[in-house]
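Trainee: Here you go, sequence then predicted model.
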Amino acid sequence: MDTPSRPDKSHFSEKGEMQGVLPEDMETLMHVISHDLRAPIVTIQGFCQELTMACDRLKTLFEEEAMPDSMRAHVNPLITQDIPEAVRFIRAGTDSVNSVTSGILRFIRLGQMDIQWERLDMNYVIMGIASSMEFQLKKKGVALQIDDLPDCMGDEVLVTQVFANLLDNAQKYLDSSRSGEISISGNTVNGWSVYALTDNGIGIPPEQHTRIFQVFNRVAPQHEKGEGLGLAIVQRILSRHQGKIEVESSPGNGTTFQVYLPRAIDVEEGGHDES
């Protein structure tokens with residue numbers, strides 16, 4: 001398996017930062033999403049709340065006021081079923097749009113954020129993620145194995161997001177017909193720290209191996225809800241780190257994601273490789 005070219009140490013500044021540039025068209029897109037799209041979403045959500053409150057008041061009046069049985073038979077379904085159900089659908093739709101627009105903003109901002117380069121203790125990072133997901137994993141009876149992991153260079157917040165997304169995906173797409181197993185291992189290859197996250201889940205068809213990293217693409221929409229941005233964000237973060245991600249998978253045989261991040265170096269002491 002090919003590895004990326006060795007990372008250029010010149011990308012690490014004296015402060016351990018890497019500057020990102022946000023193009024003008026991205027600025028425009030962010031404004032459209034954050035204002036022109038989000039504003040009407042907030043308005044719709046507000047009126048959904050107003051409709052819910054009005055429906056509750058009507059329900060109270062309906063119960064208190066005397067009226068012919070024939071009229072009651074027509075009005076009751078409207079205020080107890082039809083209107084509340086319509087409001088639920090509207091709210092679910094606006095919540096979905098809000099989730100997608102929020103995800104797009106996160107995706108775009110990854111190109112704007114400065115990378116705060118530092119040496120990362122990946123055992124510490126992964127254990128933190130595992131602890132935060134302990135309830136979900138225990139609820140599903142997932143056996144999680146974490147090997148001793150090599151350090152790497154990267155932005156702790158962004159790298160944490162990478163592995164949190166991958167671990168969350170792994171537990172979402174486990175095969176309900178067998179006990180869930182997830183393992184995380186790592187080693188060093190040339191100038192890279194390579195981490196493998198393996199699960200025994202439902203797997204991914206070969207024809208989808210490239211598409212899963214595209215925005216809004218989901219492996220199995222019927223299996224789990226989501227905005228389809230998780231793996232696109234993962235790939236974008238790794239690209240900002242000059243790294244990459246690869247997938248090995250087939251239906252019914254689980255999935256392995258291999259993450260390449262720059263091998264740990266000591267930036268403050270002149271950027272020498274870890275010995």
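Mentor: Structure received.

Trainee: For the stretch 101-250 of the chain, give me the ranges with low pLDDT.
Mentor: Scanning the stretch 101-250 of the chain for pLDDT under 70 picks out 102-104, 106-113, 215-228.

Trainee: so where do the helices sit in this protein?
Mentor: Assigned helices in the chain, in chain order: 24-31, 38-64, 69-77, 83-109, 122-132, 134-139, 156-172, 230-240 (criterion: DSSP state H).

Trainee: Export those helices to CSV and append columns for mean neighbour count.
Mentor: Every C-beta, even on glycine, is put in place using the N, C-alpha and C of the backbone. Formatted as CSV, these follow (neighbours: other Cβ atoms under 10 Å):
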stretch, mean neighbour count
helix 24-31, 12
helix 38-64, 13
helix 69-77, 10
helix 83-109, 15
helix 122-132, 16
helix 134-139, 12
helix 156-172, 20
helix 230-240, 20
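
Trainee: Columns distance to residue 149 on top of these, output as a markdown table?
Mentor: As requested, those are exported to a markdown table (distance: least, Cβ to Cβ, whole Å):
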| stretch | distance to residue 149 |
| --- | --- |
| helix 24-31 | 34 |
| helix 38-64 | 39 |
| helix 69-77 | 59 |
| helix 83-109 | 26 |
| helix 122-132 | 4 |
| helix 134-139 | 18 |
| helix 156-172 | 10 |
| helix 230-240 | 16 |
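
Trainee: nearest spatial neighbour of residue 122, skipping sequence neighbours?
Mentor: residue 149 (4.1 Å; Cβ to Cβ, 6 or more residues apart in numbering).

Trainee: meant to ask about residue 119, not that
Mentor: With sequence-adjacent residues excluded and distances taken as Cβ to Cβ, 6+ apart, residue 119 is closest to residue 264, at 5.0 Å.

Trainee: Could you give the number of residues near the one you found?
Mentor: 20 (other Cβ atoms under 10 Å).
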